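In: fold the stuff below for me.
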Amino acid sequence: MSAATGIPLETLASKAPEAAEFMRHFSNANRLMLLCFIAQQETAVTDIQEALGIKQPALSQQLAELRQAGLVKTRRESRQIFYSIADGRAEAVMKMLFRLFCDPEAKFTDQSLSAEKTDPLTESTQTSLAGAAHFARIVPTA
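Out: Numbers count the residues shown, from 1 in each chain. Predicted structure coming up:
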């Protein structure tokens, strides 16, 4: 059992492959930039292409993978296709990554990242994540 959460280690181990597959989608710099851009607001494909400078074939491929993974969704308006975040977990990860890597005001220590001190998820995000896998940092006991 994880001392930090009280969740049985077997549960954590059974969810690890799902979490690893989910996180794989964030491991490509282009997909990460796409998610970061889309997470800010619903965005048209043409705006994404213009802002990020990703050529159309690569953009289509990366967006298709994010769509297939269920991380983004589309909405068509006339000839335009708009993208938005479809998965609350992806939104939570993007908020956390922004805080960790992009927020110039953030000053982190190991202690400031602990669940007791700082919760990077808003209440609405936590609600949308109900039933999602929970993972904990396993700290060996002395």
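In: please report how far Arg79 lies from Glu18.
Out: Using Cβ to Cβ, to the nearest Å, Arg79 is found at 37 Å from Glu18. Every C-beta, even on glycine, is put in place using the N, C-alpha and C of the backbone.
In: got it, and Leu35?
Out: 18 Å.
In: so where do the helices sit in this structure?
Out: Listed in chain order, the helices of the chain (DSSP state H) span 9-24, 29-40, 45-52, 56-68, 88-97, 123-128.
In: show me what counts as buried in stretch 75-87.
Out: Across stretch 75-87, burial judged by 16 or more other Cβ atoms under 10 Å covers Phe82, Tyr83, Ile85, Ala86, Asp87.
In: narrow those residues to those in strands?
Out: Phe82, Tyr83, Ile85 (DSSP state E).
In: how about the helices of the chain in a markdown table, adding mean neighbour count, mean pLDDT and distance to Arg75?
Out: Listed next are these as a markdown table, based on neighbours: other Cβ atoms under 10 Å; pLDDT from 0 to 100; distance: least, Cβ to Cβ, whole Å:
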| stretch | mean neighbour count | mean pLDDT | distance to Arg75 |
| --- | --- | --- | --- |
| helix 9-24 | 12 | 91 | 23 |
| helix 29-40 | 18 | 94 | 12 |
| helix 45-52 | 14 | 94 | 11 |
| helix 56-68 | 15 | 95 | 12 |
| helix 88-97 | 19 | 94 | 17 |
| helix 123-128 | 12 | 44 | 19 |
